[in-house]
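Peer 1: my questions are about this predicted structure, shown below with the sequence.
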Amino acid sequence: MRVIVVGGGVVGTMHAWQAVERGHEVVQIERETEARGASLRNFGQIWVSGRAGGEELDTALRARELWERIGAEVPGLGFRANGSLTPVRTPRELAVAEAALARPDAAARGYALLTAAEAREINPALRGAFEAALWCARDAAVEPRTAQLHLREALRTRAAGRYTFLAGREVREVVGPAAVRDDHGDVHRADAVVLATGAWLSGLVRELAPDLPVRRVRLQMMQTDPLGEPLTTSVADADSFRYYPAYESPALDALNAGQEQAPIAAAHKMQLLMVQRRDGGLTIGDTHEYEHPFAFDTLEDPYEHVAAVAGSFLGRPLPRIRHRWAGVYAQCTDTTRVVHRQQVADGVWLVTGPGGRGMTCSPAIAETTANELGW
């Protein structure tokens, strides 16, 4: 079988991986010289802890297994089973963590409630004040800015001539069953075409799926100089309880009713997520903007807020900020859906809308596509 994958981000690359693994020939087409969207502009977290139960958690757990397996084959991914800690400081925050422990799927997530001293044994860099921390042993991380590069190199090596990456080509038209034309005028024919175009929902995608139940979300993030010591886990703050569906409970209702977010965090729908890169720097964020048109610039107040929260857990000022950026991802408007998968033409399928779950869930999303299409 010959498979065309349109899109060089993590979802597209994982579809290419699945097809190659199953013995097929793959042509992957990317409109930029390298992927430049949400697949690079994220934390690199394999984030099981906050996922909703049922299909979403099953997908995340399966993806976590696949990431570990692929990480062993592709060391350049920088896969590490670092887990995550969410420090809590108030009785209401603690109650939400305790409610999470009472979930029937708490063991599958690797939840445990730790004292501050126990949390610091796992992550000594957390020298700031907090009372306890929710630990999730199943969370992990990879290096988002280089993951696709290493995955593609591994595909070239292992596929023995069955994998081709075509950069700088925008697919403009479906010209027949499982056949597309790019902006160079070249026609590419296959047995199946997967459009994994991320947040690029205009052009051909709009023509093929004009009523797509997917929205775009913008976020701001930043990265620091090296911390100078290991941050051995990913770190979130209690505002993440308000954002992730796993923490829905009467205790969360009480938190929302009785403990307001800081005004800047509420205005920009913020949480703290923080993970250390292999060079020692910290990736920190984030905000969420849903109303279109998005601003073209980034705002400083959210950066100052998240830097202060991160520094309060570290018990020290952050290292110098060396990168700031905004990114946009595609999210199903029905946020209970893991992904939108739709046949949009003869032999052509669109896979988009995983939202902030793309990095976490992409290996399992691609595996499901391959199974459903009978690859």
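Peer 2: Received it, and whenever you're ready, just let me know what you need.

Peer 1: show me how far the host helix or strand of residue 253 is from its chain's centre.
Peer 2: Taking DSSP states H and E as the definition, one finds residue 253 inside helix 250-258. The chain centroid and the centroid of helix 250-258 are separated by 27 Å, computed with Cα atoms, centre = their mean, to the nearest Å.

Peer 1: who are the packing partners of it?
Peer 2: With contacts taken as 3 or more Cβ pairs under 8 Å, 6 or more residues apart in numbering; DSSP states H and E, helix 250-258 sits against helix 91-101, helix 239-243. (Glycine included, C-beta is placed from N, CA and C.)

Peer 1: for residue 320, which of those helices is the nearest?
Peer 2: helix 239-243 (24.5 Å; Cβ to Cβ).

Peer 1: give me the neighbour count for residue 356.
Peer 2: Taking other Cβ atoms under 10 Å as the criterion, the count of residues near residue 356 is 23.

Peer 1: grab the nearest non-local neighbour of it.
Peer 2: Nearest residue to residue 356, sequence neighbours excluded (Cβ to Cβ, 6 or more residues apart in numbering): residue 329, at 6.4 Å.

Peer 1: which parts of the stretch 201-350 of the chain are strands?
Peer 2: 214-224, 234-236, 273-276, 282-285, 321-332, 340-345, 348-352 (DSSP state E, counting those that start in this stretch).

Peer 1: okay, those, which one's buried deepest?
Peer 2: Mean neighbours per residue, mean count of other Cβ atoms under 10 Å, is largest over the strands of the stretch 201-350 of the chain for strand 234-236, with a mean of 27.

Peer 1: before we move on, the earlier item: pretty sure the residue nearest to residue 356 sits against residue 200.
Peer 2: No: under the criterion of Cβ atoms under 8 Å, residue 329 is not in contact with residue 200, lying 11.0 Å apart.

Peer 1: what is in contact with the two at once?
Peer 2: Taking Cβ atoms under 8 Å, 6 or more residues apart in numbering as the criterion, residue 329 and residue 200 both touch residue 37.

Peer 1: for residue 308, find the nearest of the strands of the stretch 201-350 of the chain.
Peer 2: Nearest of the strands of the stretch 201-350 of the chain to residue 308, taken as Cβ to Cβ: strand 282-285 at 10.9 Å.

Peer 1: returning to what we had before: format the strands of the stretch 201-350 of the chain as a markdown table; extra columns: mean pLDDT.
Peer 2: Formatted as a markdown table, the strands of the stretch 201-350 of the chain follow (pLDDT from 0 to 100):
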| stretch | mean pLDDT |
| --- | --- |
| strand 214-224 | 97 |
| strand 234-236 | 98 |
| strand 273-276 | 98 |
| strand 282-285 | 97 |
| strand 321-332 | 96 |
| strand 340-345 | 98 |
| strand 348-352 | 98 |
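
Peer 1: of all the ones you listed, which lies closest to residue 133?
Peer 2: That would be, of the strands of the stretch 201-350 of the chain and by Cβ to Cβ, strand 234-236, which comes in at 8.9 Å.

Peer 1: and stretch 166-179, what's buried?
Peer 2: Neighbour-count burial for stretch 166-179 flags 166, 169-172, 174, 178-179 (criterion: 16 or more other Cβ atoms under 10 Å).

Peer 1: what's the most distant pair in the residues you listed?
Peer 2: Pairwise over these, using Cβ to Cβ, the maximum falls at 170 and 178, 18.3 Å.

Peer 1: check the gap between residue 52 and residue 58 for me.
Peer 2: Distance, residue 52 to residue 58, using Cβ to Cβ, to the nearest Å: 10 Å.

Peer 1: burial measure for residue 200, as a count.
Peer 2: 21.

Peer 1: so what's it up against?
Peer 2: 7, 31, 37.

Peer 1: most surrounded residue in those residues?
Peer 2: In those, the most neighbours by other Cβ under 10 Å go to residue 7, 26 neighbours.

Peer 1: any idea how far the nearest residue to it once chain neighbours are set aside lies from residue 183?
Peer 2: The shortest distance from residue 7 to any residue other than its chain neighbours is 3.8 Å, reached at residue 196 (Cβ to Cβ, 6+ apart). In this view, residue 196 and residue 183 are 18 Å apart by Cβ to Cβ.

Peer 1: more crowded one of the two?
Peer 2: Taking other Cβ under 10 Å, residue 196 and residue 183 do not tie; residue 196 has more neighbours (28 against 12).

Peer 1: list the contacts for that one?
Peer 2: 5-7, 9, 11-12, 15, 351-352 are the contacts of residue 196 under Cβ under 8 Å, 6+ apart.

Peer 1: which residues in this structure form helices?
Peer 2: 10-21, 55-73, 91-101, 106-109, 116-122, 144-158, 204-208, 239-243, 250-258, 263-267, 300-314, 358-373 (DSSP state H).

Peer 1: want to throw the buried residues of stretch 166-179 into a markdown table with pLDDT and distance to residue 295?
Peer 2: What follows is the buried residues of stretch 166-179, written out as a markdown table (pLDDT from 0 to 100; distance: Cβ to Cβ, whole Å):
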| residue | pLDDT | distance to residue 295 |
| --- | --- | --- |
| 166 | 97 | 33 |
| 169 | 97 | 30 |
| 170 | 97 | 26 |
| 171 | 97 | 29 |
| 172 | 97 | 29 |
| 174 | 98 | 34 |
| 178 | 98 | 39 |
| 179 | 98 | 39 |
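
Peer 1: for those residues, which one is nearest residue 320?
Peer 2: For the buried residues of stretch 166-179, the nearest to residue 320 is residue 170 (37.5 Å; Cβ to Cβ).

Peer 1: my guess is that closest one meets residue 183, correct?
Peer 2: Yes: the pair residue 170 / residue 183 is scored as a contact, 4.5 Å apart, by Cβ under 8 Å.

Peer 1: between the strands of the stretch 201-350 of the chain, which one is nearest to residue 152?
Peer 2: That would be strand 348-352 among these, by Cβ to Cβ, at 18.4 Å.
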